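Trainee: got a sequence here, can you build the structure:
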Amino acid sequence: MTEIQNIISIVFVVIGIIFMLVGSIGIIRLPDFYARTHSVSKSDTLGIIFVILGLVIYEGVTQSSFKLVLIILFIFLANPVGTHALARAAYKRGLNPFYTDDEIDEEEHK
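Mentor: Below you'll find the model as predicted:
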């Protein structure tokens, strides 16, 4: 059982690391603040949850696992709410989203 448990936990941790890597690439590649925060919010939340789930599987049923599950719950609730609040504050301060010339032309013709 421990061999399968180790393999499953490693798979979860690797999946989490891949999600966080994609989010980091999104910060570099995406054009504006809103797209970057969206990228980081979704991918890093999933990445952290997968990594911690891998740790829970590795640890087994212990008090530490229960604490890790509580951390997962907190991250699942707090990261999207924090990102939404950050984006809303930026929008209220006047930070406009990035538009291409084609999108601006379409809005003018409406």
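Trainee: give me the low-pLDDT residue ranges for this structure?
Mentor: Scanning the chain for pLDDT under 70 picks out the ranges 1, 100-110.
Trainee: at 80 what do you get?
Mentor: Within the chain, the segments meeting pLDDT under 80 span 1, 97-110.
Trainee: can you pull out the helices in it?
Mentor: Using DSSP state H, the helices assigned to the chain run over residues 2-29, 33-59, 63-92, 101-108.
Trainee: helices or strands up against the longest one?
Mentor: So the one you mean is helix 63-92. Packed against helix 63-92, as judged by 3 or more Cβ pairs under 8 Å, 6 or more residues apart in numbering; DSSP states H and E, are the following elements: helix 33-59. From N, CA and C alone the C-beta is placed, and that goes for glycine too.
Trainee: buried residues in the helix it packs on?
Mentor: Residues of helix 33-59 classed as buried: 33-34, 36-37, 39-59 (neighbour count, 16 or more other Cβ atoms under 10 Å).
Trainee: ok, Y34 touching P97?
Mentor: Yes: with contact defined as Cβ atoms under 8 Å, Y34 counts as touching P97 (5.2 Å).
Trainee: before we move on, back to that, buried deepest among the helices of the chain, which one?
Mentor: helix 33-59 (a mean of 19; mean count of other Cβ atoms under 10 Å).
Trainee: just checking, I10 touches L53?
Mentor: No: counting by Cβ under 8 Å, I10 stays clear of L53, with 11.9 Å between them.
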